[in-house]
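K.L.:
Sequence plus predicted model, see below.
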Amino acid sequence: MSEAPATRFEPIALSGESTVVAEFTPDPSTADAYQSEAALEREFIRLLQGQAYEYVTIRSEAEMLANLRVQLEALNAVTFTNGEWQRLLNEYVVGANDGAVQKTVRIQEDHVHAFRRDDGSTKNIALIDKKSIHNNRLQVINQYEVAQGGEGGGAYANRYDVTILVNGLPLVHVELKRRGVDIREAFNQIDRYQRHSFWAGSGLFDYVQLFVISNGTLTKYYSNTTRRQHLDSSDARQRVKKTSNSFEFTSWWADASNAPIRDLVGFTKTFFAKHALLAILTRYCVLTADRELMVMRPYQIVATERILQRIEIATNYKKLGTTDAGGYVWHTTGSGKTLTSFKTAQLASRLPSVDKVLFVVDRKDLDWQTQKEYDRFEKGAANASTSTAALSANLADPERRIVITTIQKLARLVQSEKGHSVYDGHVVLIFDECHRSQFGDMHASITKAFKRYNLFGFTGTPIFAENAGTGGNPSLKTTEQAFGEKLHTYTIVDAITDKNVLPFRIDYVNTIKVDEGLTDKQVSAIDTEKALLDPTRIGMVVEYILEHFDQKTRRSESYAVRERRVRGFNSLFATASIEAAKRYYAAFQSMQSTIPSDRRLKVGIIYSFAANEAEVDGFLDEEGFDPTGLDLPSREFLEGAIVDYNAMFGTTWSTSSDGFAGYYTDLSKRLKNQEIDIVIVVNMFLTGFDATTLNTLWVDKNLRSHGLIQAYSRTNRILNSVKTYGNIVTFRDLEQQTNDAIALFGNKNAQGVVLLKPYGEYYDEYAARVTELLDTFPPGQQIVGEQAQKDFIALLGAILRLQNILTSFDDFAGNEILTPRQLQDYKSEYLDLYASLRRPTDEKEAINDDIVFEIELIKQVEITVDYILLLVQKYRDERGDGDDREIRAEITRAIDASPSLRNKKDLIEAFVDRVSVAGQVDEEWSAYVAARRDAELTRLITDENLQPDATREFIDRAFRDGALQTTGVAITRVLPPASRFAPGGGHGEKKQRVLDRLGEFFERFFGLG
């Protein structure tokens, strides 16, 4: 009897244990009465108890430790003696110098400890059972208290809302606010706990892996890394720092159709379902090589589980080697496909039936980047194959569970080694960016060689029937034809709605004058390469970029990137051909030659030989990594540009094969580190390249469909609250192509979500808010009372966020409602409130736990030293006719409005008072700052008995690097010799005090001179 080909087998037996519910329908709400925070907490605990969580009353660390002992004894079927329990705590569970990072590693990677018992025997003690997750016991506690000061106390007294204990360890913490309160207030509250008390006593709350914040109406979750980074494990009181604007990285929970589950009741029934929570903690968290904990989002978990289910079903029903055994995942560009594919490959490699997982990419740069990302997640989890011979060896090695290779290398292997043993094994093939992988004969030859395989593809831009192209190419298939049915979808609309990527703002800049009567279609027809490469047009485009670069890339704004303070963002310039790229680079070099060197943009360029520089069916053609295929003039030009790059950065790259690969890698790193302003490309970096510091794409290239979305998506990665959208400036009319691509890869109504609203809508809201501000809080009027202060902070914060968007619109220039002086006065008031409310007192809780400050947005429009010196020059000029108190007041007002200058106020005002009536202000300022800096550093060295030469070298390096180095041997050389027998950990306290003082010194003088 023949098998019916249409038969589908659904995983009925597995559906009940899926981590993410297929579709969630909330219960109709019948409550209409006011709900207090305490009532919300009681309801939450009641729901957890209804899901078989055990409620226990634990208010102190002694009770916590006693419960932990009971739980670990039950999990491990052992009874500890008192001495054994104390040893286990000291040598493994607590650890005197262990902080949040060490405890996270313990849960994620080192959760089983070989413990030597009193009788000399060894017993494996697990903190959590990751194989049989229902062996773990869940408890819920609330109102746990930490006292202030004393032995085991925190910096301040705190009482935590609700904590989930897993086998007695606090692994999930929930912070609640009453309905109607901003959810970010709960986020800020957790930050305060981490700074003030999570480390207290035995530091058990440093074990928290996940945080949940809710105001009843809205609920989000995030990992502990989102809020902290370990600084100094030698300090008993762990010092932590916030990641910049990290609320941006909190996540919504959702069902499998991507509908967010925002209400606390629905969230509790799904996220806190016992099997779901335990699966997230044990399977769907990833600890990177940088020791940062990443927790997967629901759409990533759904995709992973559907692939794993498909593997098991295909194996059981003997479907291996067919498209029914595979499928594809459509997750939009920027949504974290690397993490999803890594976790999928990792879990698939552990299935008993699977012999090998093969991760296939189709570009060397993706090969390099994917290998780097995989290596970040787990050292040695994947091994790239640098040649066909290496690929053959890795595939034959049973210890190599996951292998990364390119589709080209795999195709060559299939052609050259017909009898490789891997073809007969159960192989899971995962294709990254599979929309490029299904063309030509390579895909067919690979699937023909392997016998028992599952074939899966990940793509952000799948191929459908309507965009499969034309030309009679029989090998051109849709994604479903090549890989099997779609397993999960997460579109660009989903990602922008969830705030996992940013929307786009697009400027269409006309660069060709059209005679009256010509239509747009006719203009496109006469847009020949000759017209587009006309030197006059090239000059106009470069002039436009130079004029608008600071505005588009937000150069007036500053933020931290990898311990460095940087200004604004950087950009790519996509050109249509190598010839166009060369001409634009030459134009930048020529037009910037008259600009002072310290104000020139750092411009790079990269291209290599491509078989076809033009787009085919909307796909960006792949550039190779061997520039020897370039014609001689193009290679010589590139060699000269790399010489310029070497001079700029002190490197030694070239166009040789190895030199070019090194140049590509170095250039990509500098893009990610915000060390270069603009890179001119043809196709490179437009697909598969991620840099959160990129915010602008300049386009002089015809883009459409897949290529358009891929290129645009280089700009819309989440970074912080300053970066609010991806900025596209196109010098060709791509409006219809943009709308078509958004409709294809989002939905027919996607445009309003993917693109920013019109200028007028933002301006109308801005005008209304500013009017309210001026009416309610007139400039110069004292803001009295906590509620009034909260209202002012919220209102000015909203205005700052709107202004942050409006400043990139050309129309906004000259239409600001607040005068510069009014804005200064309001910012001064705002910063005073911030400074006072950040300092909790013993008598009263700080009210800033209930408010959200937009400090990063205050910084973006801060007054600079250069501006102050201009005022000083004006002040000195005016004083020739008498004492101009108004300008003196303006200087003070400007300093008060700047976060970075407030701690320098005495320096600046003292300089203003002593400035001479003649001479250069900037030269006098430099000499004055140098003298004050040297004097204050000398005094600090004397006060702390530091090593003079080492201290000055340490500080000089900090000013050069833009950050103080707080770890390593450099700080040790600064400190005076200390006895190892000093009582009470004197060395550690001394080190921290010196770091604090050096940090204050650095902040005071950084950016001056």
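P.N.:
Right, received. Where do you want to start?

K.L.:
and residue 361, how many neighbours?
P.N.:
27 (other C-beta atoms under 10 Å). C-beta here means a position set from N, CA and C on the backbone, and glycine is covered the same way.

K.L.:
how close does it get to residue 761?
P.N.:
42 Å (C-beta to C-beta, to the nearest Å).

K.L.:
quick one: contacts for residue 355?
P.N.:
Listed by C-beta atoms under 8 Å, 6 or more residues apart in numbering, the contact set of residue 355 reads 398, 422, 425, 426, 427.

K.L.:
Test for you: state the pLDDT assigned to it.
P.N.:
With respect to pLDDT, residue 355 has a value of 94.

K.L.:
coming back round to it: a markdown table for the contacts of residue 355, including distance to residue 580 and secondary structure?
P.N.:
As requested, the contacts of residue 355 are exported to a markdown table (distance: C-beta to C-beta, whole Å; DSSP: H, G, I helix; E, B strand; the rest coil):
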| residue | distance to residue 580 | secondary structure |
| --- | --- | --- |
| 398 | 50 | coil |
| 422 | 44 | helix |
| 425 | 48 | coil |
| 426 | 49 | strand |
| 427 | 43 | strand |
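
K.L.:
What residues sit buried inside the longest helix along the chain?
P.N.:
In the chain, taking DSSP state H as the definition, the longest helix is helix 921-944. Residues of helix 921-944 classed as buried: 921, 924, 925, 928, 929, 932, 933, 937, 940, 941, 944 (neighbour count, 16 or more other C-beta atoms under 10 Å).

K.L.:
Could you find which two of these are furthest from each other?
P.N.:
921 and 944 (34.2 Å; C-beta to C-beta).

K.L.:
For the residue nearest to residue 156 when sequence neighbours are not counted, give me the pLDDT.
P.N.:
Of all residues not flanking residue 156 in the chain, residue 196 sits nearest, at 4.6 Å (C-beta to C-beta, 6 or more residues apart in numbering). Residue 196 is assigned 76 on the pLDDT scale.

K.L.:
Same question for the one 10 residues further on.
P.N.:
In the prediction, the pLDDT value recorded for residue 206 is 90.

K.L.:
One more: residue 702?
P.N.:
87.

K.L.:
Could you do residue 513 as well?
P.N.:
Note on residue 513: pLDDT of 58.

K.L.:
Can you name the residues in contact with stretch 48-58?
P.N.:
45, 63-64, 67, 137-141, 144, 164-165, 268-269, 272-274.

K.L.:
Generate a markdown table for the buried residues of helix 921-944, with pLDDT and distance to residue 568 as supplementary columns.
P.N.:
Formatted as a markdown table, those follow (pLDDT from 0 to 100; distance: C-beta to C-beta, whole Å):
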| residue | pLDDT | distance to residue 568 |
| --- | --- | --- |
| 921 | 64 | 27 |
| 924 | 70 | 30 |
| 925 | 71 | 25 |
| 928 | 73 | 29 |
| 929 | 74 | 25 |
| 932 | 79 | 29 |
| 933 | 78 | 27 |
| 937 | 87 | 31 |
| 940 | 86 | 33 |
| 941 | 88 | 36 |
| 944 | 85 | 37 |
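
K.L.:
Okay, and the beta partners of residue 698?
P.N.:
Beta-bridge partners recorded for residue 698 (DSSP bridges): residue 573, residue 729.

K.L.:
Whatever helix or strand comes next after the longest helix of the chain: how far from the chain's middle?
P.N.:
Counting by DSSP states H and E, the next helix or strand C-terminal to helix 921-944 is helix 948-961. Centre-to-centre, helix 948-961 and its host chain are 31 Å apart (C-alpha atoms, centre = their mean, to the nearest Å).

K.L.:
Now do helix 948-961, average pLDDT.
P.N.:
80.

K.L.:
Show me which residues of it are buried.
P.N.:
Buried residues in helix 948-961 (16+ other C-beta under 10 Å): 950, 951, 952, 954, 955, 958, 959.

K.L.:
likewise stretch 335-351?
P.N.:
The neighbour-count check on stretch 335-351 (16+ other C-beta under 10 Å) flags 335-349 as buried.

K.L.:
same question, stretch 116-134
P.N.:
With burial defined by 16+ other C-beta under 10 Å, the residues of stretch 116-134 counted as buried are 117, 125, 126, 127, 128, 129, 130, 133.

K.L.:
Likewise for stretch 412-421?
P.N.:
412, 413, 414, 417, 420.

K.L.:
Restricted to helices, list the contacts of stretch 48-58.
P.N.:
Reading helices off the contacts of stretch 48-58 with DSSP H, I get 45, 63, 64, 67, 268, 269, 274.

K.L.:
elements contacting the helix or strand containing residue 103?
P.N.:
In this assignment (DSSP H and E), residue 103 forms part of helix 100-108. Where contact means 3 or more C-beta pairs under 8 Å, 6 or more residues apart in numbering; DSSP states H and E, helix 100-108 is packed against strand 285-287.

K.L.:
Sheet partners, orientation included, of the strand it packs on?
P.N.:
Checking strand 285-287 against DSSP bridges gives partners strand 293-295 (antiparallel).

K.L.:
Kindly export the helix holding residue 103 (C-alpha atoms) in PDB.
P.N.:
Presented in PDB, the C-alpha positions along helix 100-108 are these (Å, rounded to 0.1, in the frame of the first residue of the first chain):
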ATOM      1  CA  ALA A 100      26.500  37.700  40.600                       C
ATOM      2  CA  VAL A 101      28.700  36.600  37.700                       C
ATOM      3  CA  GLN A 102      30.200  33.600  39.600                       C
ATOM      4  CA  LYS A 103      26.800  32.500  40.800                       C
ATOM      5  CA  THR A 104      25.300  32.800  37.400                       C
ATOM      6  CA  VAL A 105      28.100  30.600  36.000                       C
ATOM      7  CA  ARG A 106      27.300  28.100  38.800                       C
ATOM      8  CA  ILE A 107      23.700  27.900  37.800                       C
ATOM      9  CA  GLN A 108      24.300  27.800  34.000                       C
END
